[in-house]
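>>> This is the structure alone, sequence omitted:
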């Protein structure tokens, strides 16, 4: 069975700028510096917790000179990273504001609180609290069975811009403190669909994810918003979809600042092959198993064309580097090592990083 999210992969325009933002500003670790195996003249950068644990990983293809992407049908709207609670969320808001980064929120999403920001290429990033969780309005054994209307008072409160602007940590926050560390990784990923029931069949019937909440987009109450997950919707396992009218919502445009694909984590090769046969039997196009060195992958598409990957949990990012040195040098797959001298001139030098594990382990 799917264990949760594995990673999300986006496009960026400048590898050095992306490394600076995700390491210095957000405090993630660069766990692997390699190339796009399908286009080895460009970088593929992996960020995550200290070891790049599945579910903590955000990755980027560098597409220098590519056009700006945009959210839309068949694409991702945003991805969310986990924070512990509302107090930490407000510290993040103050810290980001002190860094000169515009933040929207905190907003009350009933099941969690969140703030929103953009990375240098415009990708929407949400920071979301772990709680209070899905059982605030449904029993654990009844999650996702009935539609839950967004509380009217929350919609009203979330439109009070003056109150939201003033809601922050009271003191300056000069650096990421240990309680702020994004060591738990992804909270959820949100994509856009045109027929939510068709998406429900794909994620639930075929992939076996549990529908844990039926509600509406709190910022667009006329649009359905459904959440699927594992273990009663544990943060880090959640995939969510907005339903949008295809006559009004354009298709996603591939480019910098937009997602290329998102990936679920499966425990082993046998499980991956079982999913492959299930998808093929249902009429979906599925890639062969591809060796990504750090995991093995198959790719398919959701009903609206969003690329969905199922990736094995291992062998992991320490398979070719010492854990203390992850991300320190350019790593190439064995079949490209002989081309190192030809490929390196295409790749801009990246600064050496001194990574500080706020959890106390290296």
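That came through fine. It should be emphasised that the depicted structure is a prediction, and the values quoted were computed from it without experimental measurement.
>>> Please list all residues in contact with the residue nearest to residue 208 when sequence neighbours are not counted.
Of all residues not flanking residue 208 in the chain, residue 1 sits nearest, at 5.7 Å (CB to CB, 6 or more residues apart in numbering). Bear in mind the C-beta positions are built from the backbone N, C-alpha and C, glycine included. Taking CB atoms under 8 Å, 6 or more residues apart in numbering, we find residue 1 in contact with 208, 230, 266-267, 271.
>>> and residue 102, how many neighbours does it have?
For residue 102, the count of nearby residues is 9 (other CB atoms under 10 Å).
>>> Flag every buried residue along stretch 136-146.
By neighbour count on 16 or more other CB atoms under 10 Å, the buried set for stretch 136-146 is 137-138, 143-144.
>>> That should have said stretch 278-294, apologies.
279, 284, 286, 292-294.
>>> List the neighbours of it that are in contact with it.
32, 34, 37, 46, 52, 206, 269, 272-273, 276, 296-301, 311, 315-317, 319-320, 333-334.
>>> Of these, which belong to strands?
Of the positions in the contacts of stretch 278-294, 32, 34, 46, 296-301, 311 sit in strands, assigned by DSSP state E.
>>> bridging residues for residue 118?
Beta bridges link residue 118 to residue 124 when assigned by DSSP bridges.
>>> So which residues of this protein form helices?
15-19, 86-98, 152-157, 161-166, 196-200, 269-281, 340-343 (DSSP state H).
>>> least reliable of those going by mean pLDDT?
Lowest mean pLDDT within those: helix 152-157, a mean of 87.
>>> Report the residue spans of the stretch 201-350 of the chain with pLDDT below the cut-off.
Under the criterion pLDDT under 70, no range of the stretch 201-350 of the chain is flagged.
>>> Okay, and the beta partners of residue 82?
Using DSSP bridges, the beta-bridge partners of residue 82 come out as residue 128.
>>> hmm, back to that, dump the contacts of residue 1 to a markdown table, plus neighbour count and distance to residue 224.
Conversion of the contacts of residue 1 to a markdown table gives the following (neighbours: other CB atoms under 10 Å; distance: CB to CB, whole Å):
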| residue | neighbour count | distance to residue 224 |
| --- | --- | --- |
| 208 | 13 | 21 |
| 230 | 21 | 21 |
| 266 | 27 | 28 |
| 267 | 14 | 31 |
| 271 | 17 | 30 |
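>>> how about JSON lines for the residues you listed, with distance to residue 165 added?
Shown next, in JSON lines, are the contacts of residue 1 (distance: CB to CB, whole Å):
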{"residue": "208", "distance to residue 165": "42"}
{"residue": "230", "distance to residue 165": "36"}
{"residue": "266", "distance to residue 165": "43"}
{"residue": "267", "distance to residue 165": "45"}
{"residue": "271", "distance to residue 165": "47"}
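>>> wait, which of the residues you listed is closest to residue 115?
residue 230 (25.1 Å; CB to CB).
>>> how much space between that closest one and residue 211?
12 Å (CB to CB, to the nearest Å).
>>> and if you look at residue 269?
In terms of CB to CB, residue 269 sits 28 Å off from residue 211.
>>> Tell me where the stretch 1-150 of the chain has strands.
For the stretch 1-150 of the chain, the strands defined by DSSP state E, counting those that start in this stretch occupy 4-12, 29-36, 39-48, 57-62, 76-83, 104-108, 112-118, 124-132.
>>> And the fifth one, what does it pack against?
Counting contacts by 3 or more CB pairs under 8 Å, 6 or more residues apart in numbering; DSSP states H and E, strand 76-83 is packed against strand 124-132, strand 186-193, strand 259-266.
>>> circling back to that earlier point, output the helices of the chain as JSON lines; include the columns distance to residue 186.
Shown next, in JSON lines, are these (distance: least, CB to CB, whole Å):
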{"stretch": "helix 15-19", "distance to residue 186": "17"}
{"stretch": "helix 86-98", "distance to residue 186": "16"}
{"stretch": "helix 152-157", "distance to residue 186": "24"}
{"stretch": "helix 161-166", "distance to residue 186": "24"}
{"stretch": "helix 196-200", "distance to residue 186": "19"}
{"stretch": "helix 269-281", "distance to residue 186": "20"}
{"stretch": "helix 340-343", "distance to residue 186": "30"}
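>>> and of those helices, who's closest to residue 240?
Among the helices of the chain, helix 196-200 comes nearest to residue 240, with 10.2 Å by CB to CB.
>>> Return the set of buried residues in the closest one.
196, 199-200.
>>> same question, stretch 238-257
Applying a neighbour-count criterion of 16+ other CB under 10 Å, one finds 238-244, 249, 251-252, 254-257 buried in stretch 238-257.
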